Each structure stands twice: as C-alpha cells, then as structure tokens.
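*Asks:* Any chance you could fold what I've pasted below:
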Amino acid sequence: MRIPIVVHHRHVHLSKKDMDALFGPKMTPLSDLGHKGQHAYQETVDVVGERGVLERVRVLGPSRDETQLELSPVEAIALGLDAPVRSSGDLARAATVKLKGPKGEVRRRCAIIPVRHLHADLADATRLGVSHNDVVTLEVDGHRRIEQVLVRVHPTFALECHLSPDEAAELWVHTGDTAHLAKPG
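*Replies:* As a prediction, the model looks like this:
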C-alpha cells in the first residue's frame, strides 16, 4: 500500500484563549488540510525565541486545548531553543516562546519538534496491519528507509507520513513522494 509523504513545515495550533488574545474572536479559513475538519487559517504569528524570530508562521485549526508550535530542528536551533522531539500533544519539556499576533502576544511553553509520524484512519491502519502508537519502518524507492515512524490512528486522519523539512532533505524525499511499510528483518 502506497503511503503519501508530506513535508510538514513549521506551524502552530492555538488554544481558543490564545487565538482570541492574538487575533480577536474571528479567524479566516484559508484552505482545508488532508485530515477531515482541519484547515489552515489565513492568519499567521511571529515566533520570538532566545536568539531570533520566525515571521509568518501559519496557524492551523481548529483550536486545541493547548497551544502547540511545531518546528524543524534547524528552526529550533536558529531560535535558540532546546525543543524536544515529541508526539503531537506531548508538551513535556516543551521550549518557551513568545507568539505575536496583530491584537497581542502570549508567552507559552509550547515549542516541539514533531516526531516523524504516520497518520491513518482505522480502515487504512487495518489494511496496513498497524495500530495506534506502533513504531514502524517505511521504505522509499525500494532502498531508502525511514526508521522509527510513530503510527497515529484516528477516524479523521488521511493516510500520510509527515516529515520535517530537515528529515526530508536528509532522505531526499519531497511532498508527493510515496513510501510503503518495510518488511520486518
């Protein structure tokens, strides 16, 4: 089964409270994402770290319980952050940043480097023979391996392998390439 690869660039998921503080009560949807009910907003934030600023970081929706900023390792270093590699929603030891919007700013412990992961709905997970939180190896072009890929299963997910730009460059893969589960051994 072919698994689409998506190179996921920096973005932020905001809590409703932080959305309101940064932008006011109304956000403008820009485009739908591959996962049901998820979208990118027109609005962006500036991220201020210890040593730098990333401008125009895309906000993804809908709102979440906690704000989460996802960066590549190179971006975290450029900002002077010691951001941990984490699964989405795991903000243990997340780095602290300032997020600036047109209506205000907030300081949050929310910056992580997302672990490489595979999204699947239940039907795709069943076809692949994987379960939520499994760790698998994918193969591209029959010889390049993507090791230690965390499986995330949810009814709204589209089948995709998400990699950071740094990982994609190292593996010589791009959005639109495909992979498949590597055979054990």
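
*Asks:* Who does the lowest-mean-pLDDT helix or strand in the chain pair with, and is each partner parallel or antiparallel?
*Replies:* Least confident helix or strand of the chain, by mean pLDDT, DSSP states H and E, is strand 29-32 with a mean of 81. Counting by DSSP bridges, the strands paired with strand 29-32 are strand 39-48 (antiparallel).

*Asks:* outside of the partner strand, which residues touch it?
*Replies:* Here strand 39-48 makes contact (Cβ atoms under 8 Å, 6 or more residues apart in numbering) with 10-12, 22-23, 27-33, 53-62, 69, 79, 97-101, 111. Every C-beta, even on glycine, is put in place using the N, C-alpha and C of the backbone.

*Asks:* quick one, phi psi at residue 125?
*Replies:* phi -60, psi -40 (degrees, to the nearest 10).

*Asks:* which one is it nearest to, not counting chain neighbours?
*Replies:* Of all residues not flanking residue 125 in the chain, residue 153 sits nearest, at 4.6 Å (Cβ to Cβ, 6 or more residues apart in numbering).

*Asks:* Could you double-check that that neighbour lies in contact with residue 121?
*Replies:* Yes - between residue 153 and residue 121 there is a contact under Cβ atoms under 8 Å: 7.1 Å.

*Asks:* Can I get the helix or strand hosting residue 6 as CSV, trimmed to CA atoms?
*Replies:* For residue 6, the host element (DSSP states H and E) is strand 3-7. Extracted in CSV, the C-alpha atoms of strand 3-7 (Å, rounded to 0.1, in the frame of the first residue of the first chain):
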residue,chain,number,x,y,z
ILE,A,3,1.7,6.0,1.7
PRO,A,4,1.9,9.6,0.6
ILE,A,5,4.8,11.6,2.1
VAL,A,6,4.0,15.2,3.3
VAL,A,7,6.8,17.5,4.3
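
*Asks:* tell me which strands and helices it is in contact with?
*Replies:* Applying 3 or more Cβ pairs under 8 Å, 6 or more residues apart in numbering; DSSP states H and E, one finds that strand 3-7 contacts strand 160-163, helix 165-171, strand 178-181.

*Asks:* closest to residue 126 out of those?
*Replies:* Nearest to residue 126 among the helices and strands packed on strand 3-7 is strand 178-181; the distance by Cβ to Cβ comes to 13.0 Å.

*Asks:* Now, the contacts of strand 39-48 that are in helices?
*Replies:* Members of those lying in helices (criterion: DSSP state H): 22-23, 79.

*Asks:* So which of those residues wins on neighbours?
*Replies:* Scoring those on neighbours with other Cβ atoms under 10 Å, the highest-scoring entry is residue 22 at 24 neighbours.

*Asks:* Once you drop chain neighbours, what's closest to that one?
*Replies:* That would be residue 101: by Cβ to Cβ, 6+ apart, it lies 2.9 Å from residue 22.

*Asks:* quick one: the one you found and residue 14 touch, right?
*Replies:* No - using Cβ under 8 Å, residue 101 makes no contact with residue 14, being 9.1 Å away.
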